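>>> model the structure of this input:
(one chain, ligands or ions: 1)
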Amino acid sequence: MKIAVIGTGYVGLVTGACFAEVGIDVTCVDIDAKKIASLEQGVIPIYEPGLNEIVSRNVSKNRLSFSTELAKVIPGCDVVFIAVGTPPGEDGSADLKYVLAVAREIGRSMCDYLVVVTKSTVPVGTAKKVKSSIEEELKLRDSTLTFDIASNPEFLKEGAAIEDFLKPDRIIIGVESEEAEDVMRKLYKPFLLNGHPIIFMDVPSAEMTKYAANSMLATKISFMNDIANLCEIMGADVNMVRRGIGSDSRIGNKFIYPGIGYGGSCFPKDVKALIKTAAEHGYDMQVLKSVESVNEFQKSVMFNKIKRHFNGELSGKVVALWGLSFKPKTDDMREAPSLVIIEKLLEAGAQVKAYDPVAMKEAQHIIGDRIEYVHDEYEALIDADALMVVTEWPEFRSPNFQVVGKLLKNKVIFDGRNIYDAKELQELGFAYQGIGVHEVV
Ligand code: NAD
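Numbering: from 1, shown residues only. The predicted structure is shown next:
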């Protein structure tokens, strides 16, 4: 089979590389000529574990290529995936201009039956709009060509994207015709061999499944953050509560870790978009509105703790930040809680020294030189008044606390991810504050 993947971001590039990995002929297309030039030179513009290797292996086998010219790539393809961005518009709804621009271009350049698949996260009804856009273009060409649409939302997690794509929990595909179902089943067959399920459904249900999944995950996070905040007030320890509730098989122990709020390119925008879609149809998503407001509140929790610790006086204080990306193993800084914490610290007159294993370049694009970027986690501690853990990168989990204590001016740790043990730190003479746990002063 031959396919094209339009948009070579986190989703498009991983999708293209993984289909090539199972022997499919893939061309990845992007309008960003710099990105395509860089990919052609073997330079991957994003950080994603394993992506470099899989891309270069498949390029060298001639199964994966790159282009900026959609019109030249479409002829001969069986399937085209639309994997461009769907950023939030000013009102919170998903901005579909990139998706629909691609649909029109497909309509202008297709020359045979084609399955057009939306992989971008798009509100219910978008596949219909994609279909109309292609039909309008075909009409302008007086063409009688036929095509099918399908919705195939993506569930990969940044930081584990390759593994998630190659070994998916499930593949969701919305279709309107048997022909499209057959094509999609054939395309995904290599990923199903080890029992990974494919679930076919109608197109609106597939579109909704993605929003419902992300909203449920965001809800779990905000719920646990709410419980953590209450634990602090009531003298309970959320780490124990988490283990206690996670052992109930109806609840499960995944995704119930409290922290400094969710971020990234998906949860914030998808929750917003679902609230907006519902409102447009006269329905009030009450739970999700609370999920959002708890999340906003949570981004300030660590700042409030550090401010309280220094008796409201942060001016001139130096704060070492470990981690900047919204989660480990990615350089993605979109909606990262670190951005809110940094703004608050700077506003309060503090200086920030930050270290992140891969996101510092990306962070510098957004924050500029208003903070200091250092080469490793220990360098960040030199002359710092406190350490704040923002992202739970594995390498921060077991630092040499003797060295940490020696380098810091004050032995104070604010742990935004609850990765340390309060008792152990107390024994080592540190003051310690986590999220929803007993503080050690
Ligand atoms: P991204 O911003 O990293 O990449 C999007 C790419 O599309 C960019 O390279 C951009 O240049 C390109 N593009 C825009 N218009 C184009 C056009 N007309 N023709 C060709 N290329 C074009 O986005 P992403 O993070 O890969 O997300 C893509 C979609 O997948 C979004 O809808 C997102 O919500 C969804 N999604 C993302 C993730 C994730 O973890 N990042 C996971 C699941 C789903």
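
>>> in stretch 271-289, what counts as buried?
Applying a neighbour-count criterion of 16 or more other CB atoms under 10 Å, one finds 271-278, 285, 288 buried in stretch 271-289. To be clear about C-beta, it is placed using only N, CA and C from the backbone, and glycine gets the same treatment.

>>> now whichever residue of the stretch 1-150 of the chain sits closest to the ligand: closest residue in space that isn't a chain neighbour?
For the stretch 1-150 of the chain and the ligand, the shortest gap (CB to the nearest ligand atom) falls at residue 9, measuring 1.9 Å. Taking CB to CB, 6 or more residues apart in numbering as the measure, residue 9 lies nearest to residue 85, with 6.4 Å between them; neighbours along the chain are not counted.

>>> neighbours of the one you found, how many?
18 (other CB atoms under 10 Å).

>>> which strands or helices does the lengthiest helix in the chain pack on?
In the chain, ranked by residue count with DSSP state H as the criterion, the top helix is helix 203-234. Helix 203-234 makes packing contacts with helix 126-140, strand 147-151, strand 171-175, helix 238-246, helix 267-280, helix 286-298 when contacts are defined by 3 or more CB pairs under 8 Å, 6 or more residues apart in numbering; DSSP states H and E.

>>> ok so, going back, does the residue nearest to residue 9 count as helix, strand or coil?
Following DSSP: H, G, I helix; E, B strand; the rest coil, we place residue 85 in the coil state.

>>> looking at it now. What's its pLDDT?
Each residue has a pLDDT score; the one for residue 85 is 96.

>>> and what of residue 89?
In the predicted model, residue 89 carries a pLDDT score of 89.

>>> how close does it get to residue 52?
In this structure, residue 89 and residue 52 are 33 Å apart, going by CB to CB, to the nearest Å.

>>> what's the answer for residue 288, then?
Between residue 288 and residue 52 the distance, using CB to CB, works out to 37 Å.

>>> contact partners for residue 387?
319-320, 322, 380-381, 404, 408, 412-414 (CB atoms under 8 Å, 6 or more residues apart in numbering).

>>> that one: what secondary structure?
Using three-state DSSP, the three-state assignment for residue 387 comes out as strand.

>>> quickly list what it is bridged to.
Going by DSSP bridges, residue 387 is paired in beta bridges with residue 320, residue 413.

>>> returning to that earlier point: pull the number of nearby residues for the residue of the stretch 1-150 of the chain closest to the ligand.
Applying other CB under 10 Å, we find 19 other residues in the vicinity of residue 9.

>>> same check on residue 423?
Taking other CB under 10 Å as the definition, residue 423 ends up with a neighbour count of 11.

>>> from the contact counts, what lies against the helix or strand containing it?
Applying DSSP states H and E as the criterion places residue 423 in helix 422-427. Packed against helix 422-427 by the contact rule (3+ CB pairs under 8 Å, 6+ apart) you find strand 431-433.

>>> I'd like the average pLDDT over the strand it packs on.
Within the predicted structure, the mean pLDDT of strand 431-433 is 97.

>>> try stretch 171-189
According to the model, stretch 171-189 has a mean pLDDT of 98.

>>> restrict it to CA atoms and write it as CSV.
The C-alpha coordinates for stretch 171-189 follow below in CSV (Å, rounded to 0.1, in the frame of the first residue of the first chain):
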residue,chain,number,x,y,z
ILE,A,171,-7.2,1.5,17.2
ILE,A,172,-10.4,3.5,16.8
ILE,A,173,-11.7,3.9,13.3
GLY,A,174,-14.9,5.6,12.2
VAL,A,175,-16.1,4.8,8.7
GLU,A,176,-19.1,5.3,6.5
SER,A,177,-18.6,2.5,4.0
GLU,A,178,-17.5,-1.1,3.9
GLU,A,179,-14.8,-0.3,1.3
ALA,A,180,-13.2,2.2,3.7
GLU,A,181,-13.4,-0.3,6.5
ASP,A,182,-11.6,-2.9,4.3
VAL,A,183,-8.9,-0.5,3.3
MET,A,184,-8.3,0.6,6.9
ARG,A,185,-8.3,-3.0,8.2
LYS,A,186,-5.7,-4.0,5.6
LEU,A,187,-3.6,-1.0,6.4
TYR,A,188,-3.6,-1.6,10.2
LYS,A,189,-3.3,-5.4,9.9
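
>>> what does the stretch 151-300 of the chain put close to the ligand?
Within the stretch 151-300 of the chain, the positions lying close to the ligand (CB under 6 Å from any ligand atom) are 154, 156, 158, 265-266.

>>> can I get the residues you listed in a markdown table including pLDDT?
Rendered in a markdown table, the data for those read as follows (pLDDT from 0 to 100):
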| residue | pLDDT |
| --- | --- |
| 154 | 98 |
| 156 | 97 |
| 158 | 93 |
| 265 | 91 |
| 266 | 95 |
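
>>> in strands only, show me these.
Secondary-structure check on these using DSSP state E: no residue lies within strands.
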